[in-house]
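Peer 1: I would like the atomic coordinates for the input below:
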Amino acid sequence: MNLRKLTLLFFIMTSVGLSHAQSFYLCTQGDTRTASQVTFSNNGSTLNGNIQTNTIDSITMHVPALKYVGGDISLLPKYEEQGAQFKDKNGNAITDLVSFVREQGWNTIRVRLFVDPVKGQAITDDVNKKEVVQDLDFVTTLGKRIKDAGMLFMLDFHYSDTYADPSKQWTPQDWQSLNDDQLKTKLYEYTRDCLQQLKDNGAAPDFIQTGNEISYGMLWGAKGTSANRCYSTSSADNWNRFFDLLREASKACREVCPQAKIILHSERVPKVNVLTDYFDRMKEAQIDFDIIGLSYYPYFHGALSVLENTLTTLENKKYGKDIQIVETGYPWKWVVPGTTTDLQSTYPYSNEGQKKYTTDLISLLKSHPQVNGLSWWWAEANAKGATGNLNTDWYNASLFDNNTGKALDALYELQSFK
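Peer 2: Model prediction:
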């Protein structure tokens, strides 16, 4: 029990007159709550106010299960460096965005990590080059800022020099000459060393994604290769290679950050048979992880009914894992390029439409007890006042109005997930 929990425990004991109770049981999941958020019972009866302790032998404190809500703000330091003007919904200047979102009920922030984003520029699409900047030093500084603000830190290993997703899992340039055995060792050492640097600098992650959208494997090779893919029809050799890599990543996580939760991340929400085949294989291979992480973008993946079906299917499979939506988003004004599902009749591209999507998403997620996390991707995108390359090619599904710099209503609505 850390000092914060111990202080809270004594405060609650004193506030309800339990300083002489013979025994006291604290049931928690790593969170701290105020006394108003905690209930006490004795022989099935809820206790309120001051209690006569001479007739009480023990009391159990029931702490609500913690839910994790927030967003990915991996580019925030660059926006700040370029002079972006962040404002609350009323137009008041935000001096520190991390502290601001914490005040709005967020408790978790996600940040991506590339192996060598400088080398990654050569294989990154021109429109995305400005987003690929997060090396270990960058993430260490931002991660410490998150932790210093009293928030939880989700680290997203891409294990690439550029964005990794289902269509591209390119091996870092400096690792491409390694054979499979050497690559396993390198992945373990890299994961271990990154986590150790973060830990040594006050930025130990609370959640660790061992790969980003690794639905079809990871570390395929140099850009353009067709090798090492892990489809449902792929060879056992490909899958076993993938499993071996995941085992090395998990091993490093458990050694350096044993309290952190490991997330396996897929975006195959609309292809539930592919998704269950994937996690069936993970279960059979006894891959060590704690949380099923999903990307869900309605404009790519379909209406909320698609997500509903996927979550129900995953829960019925009884994998014994919590589920988190680690990436989501919806436009507030303009279409996101590449959109395949038009939901404007239900959720117009407006501040109100974006908020309604958020409200309905949260309502759906709350009906699934295994879902305990929700994160908005590129939440901090805000071109207002930015003087550099972040003032072009705006992201249309952020939580700030690029024209005014004002926070959108969905940012505030996220806290209702908890």
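Peer 1: Need the contact partners of the helix or strand hosting Lys184.
Peer 2: Under the criterion DSSP states H and E, the helix or strand holding Lys184 is helix 180-200. Outside helix 180-200, the residues within contact range by C-beta atoms under 8 Å, 6 or more residues apart in numbering are 113, 115, 136, 139-140, 143, 155, 157, 159, 171, 175, 178, 204-205, 208, 210, 219, 241, 244-245, 248-249, 251-253, 255-257. In this view, the C-beta of every residue, glycine as well, is placed from N, C-alpha and C.
Peer 1: At which residues are the strands of the stretch 201-350 of the chain located?
Peer 2: With DSSP state E, counting those that start in this stretch, the ranges of strands along the stretch 201-350 of the chain come out as 207-210, 261-266, 291-296, 322-328.
Peer 1: Among the contacts of helix 180-200, name the ones in helices.
Peer 2: Using DSSP state H, the members of those that fall in helices are 136, 139-140, 143, 241, 244-245, 248-249, 251-253, 255-256.
Peer 1: I'd say Ile109 and Ile146 touch.
Peer 2: Yes. The criterion here is C-beta atoms under 8 Å, and Ile109 meets it with Ile146 at 4.8 Å.
Peer 1: What residues sit buried inside the helix holding Lys184?
Peer 2: By neighbour count, and taking 16 or more other C-beta atoms under 10 Å as the criterion, the buried residues in helix 180-200 are 183-184, 186-188, 190-192, 194-195, 197-199.
Peer 1: cool, stretch 83-95 as well?
Peer 2: Across stretch 83-95, burial judged by 16+ other C-beta under 10 Å covers 84-88, 94.
Peer 1: next one: stretch 253-272
Peer 2: Of the residues in stretch 253-272, those buried under the neighbour-count criterion (16+ other C-beta under 10 Å) are 253, 256-257, 260-272.
Peer 1: between these, which is closest to Ala285?
Peer 2: Ala285 has its nearest neighbour among the buried residues of stretch 253-272 in Leu264, at 11.4 Å by C-beta to C-beta.
Peer 1: What pLDDT is listed against the nearest residue to Tyr299 once chain neighbours are set aside?
Peer 2: Once flanking residues are discounted, Tyr299 sits nearest to Thr339: 4.3 Å by C-beta to C-beta, 6 or more residues apart in numbering. Per-residue confidence at Thr339 stands at 97 (pLDDT).
Peer 1: ok, the residue nearest the centre of the chain to Ile263 distance?
Peer 2: Nearest residue to the geometric centre of the chain (C-alpha atoms, centre = their mean): Val326, 4.1 Å. Remark: distance between Val326 and Ile263 (C-beta to C-beta, to the nearest Å) = 7 Å.
Peer 1: do Asp277 as well
Peer 2: Here the distance between Asp277 and Ile263 works out to 19 Å (C-beta to C-beta).
Peer 1: Ok, which of the strands of the stretch 201-350 of the chain comes nearest Glu80?
Peer 2: Ranked by C-beta to C-beta, the member of these that lies closest to Glu80 is strand 322-328, at 22.5 Å.
Peer 1: From the contact counts, what lies against the closest one?
Peer 2: Using 3 or more C-beta pairs under 8 Å, 6 or more residues apart in numbering; DSSP states H and E as the contact test, the elements touching strand 322-328 are strand 261-266, strand 291-296, helix 304-317, helix 351-366, strand 371-376.
Peer 1: who touches that strand?
Peer 2: 68, 72, 110, 154, 156, 209, 261, 263, 265, 267, 290-297, 311, 314-315, 361, 365, 368, 370-377.
Peer 1: Buried among those? Make that a ChimeraX selection.
Peer 2: To isolate the buried members of the contacts of strand 322-328 in ChimeraX, using 16+ other C-beta under 10 Å:
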select :68,72,110,154,156,209,261,263,265,267,290,291,292,293,294,295,296,297,311,314,361,365,370,371,372,373,374,375,376,377
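Peer 1: Excluding sequence neighbours, find me the nearest residue to Ser160.
Peer 2: Closest residue in space to Ser160, ignoring its immediate chain neighbours: Trp170 at 5.3 Å, by C-beta to C-beta, 6+ apart.
Peer 1: Could you give the bridge partners of that neighbour?
Peer 2: Gly221 (DSSP bridges).
Peer 1: what sits against it?
Peer 2: Shown in contact with Trp170 (C-beta under 8 Å, 6+ apart): 123, 160-162, 164, 220-223, 225.
Peer 1: Can you tell me which of those residues lies closest to Asn402?
Peer 2: Thr162 (24.3 Å).
Peer 1: Hmm, Gln415 and Gly105 touching each other?
Peer 2: Yes. Taking C-beta under 8 Å as the definition, Gly105 is a contact partner of Gln415 at 2.6 Å.
Peer 1: Pull up the overlap in contacts between these two.
Peer 2: The contact lists of Gly105 and Gln415 share Val69, where a contact means C-beta under 8 Å, 6+ apart.
Peer 1: I'd like the strands of the stretch 201-350 of the chain written out as TSV, with distance to Leu399 and mean pLDDT added.
Peer 2: Below are the strands of the stretch 201-350 of the chain laid out as TSV (distance: least, C-beta to C-beta, whole Å; pLDDT from 0 to 100):
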stretch	distance to Leu399	mean pLDDT
strand 207-210	20	98
strand 261-266	21	98
strand 291-296	16	98
strand 322-328	11	98
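Peer 1: The ones you listed: which one's closest to Val335?
Peer 2: Across the strands of the stretch 201-350 of the chain, Val335 has its closest neighbour in strand 322-328 (16.6 Å, C-beta to C-beta).
Peer 1: Adjacent strands (with direction) for that closest one?
Peer 2: Each strand that pairs with strand 322-328, with its direction, by DSSP bridges: strand 291-296 (parallel), strand 371-376 (parallel).
Peer 1: contact partners of the next helix or strand after the last one?
Peer 2: It refers to strand 371-376. Under the assignment DSSP H and E, the closest C-terminal helix or strand after strand 371-376 is helix 409-413. Contacts to helix 409-413, defined as C-beta under 8 Å, 6+ apart, come from residues 89, 101, 104-105, 330, 332, 351-352, 354-355, 357-359, 362, 376, 379, 399-400.
Peer 1: Just the buried subset of those, written out for ChimeraX, thanks.
Peer 2: What follows is the ChimeraX syntax for the buried subset of the contacts of helix 409-413, where burial is set by 16+ other C-beta under 10 Å:
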select :101,105,330,332,351,354,355,357,358,362,376,379,399,400
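Peer 1: number of nearby residues for the residue nearest to Tyr299?
Peer 2: For Thr339, the neighbour count with other C-beta atoms under 10 Å is 15.
Peer 1: Since that was my last question, I'll sign off now.
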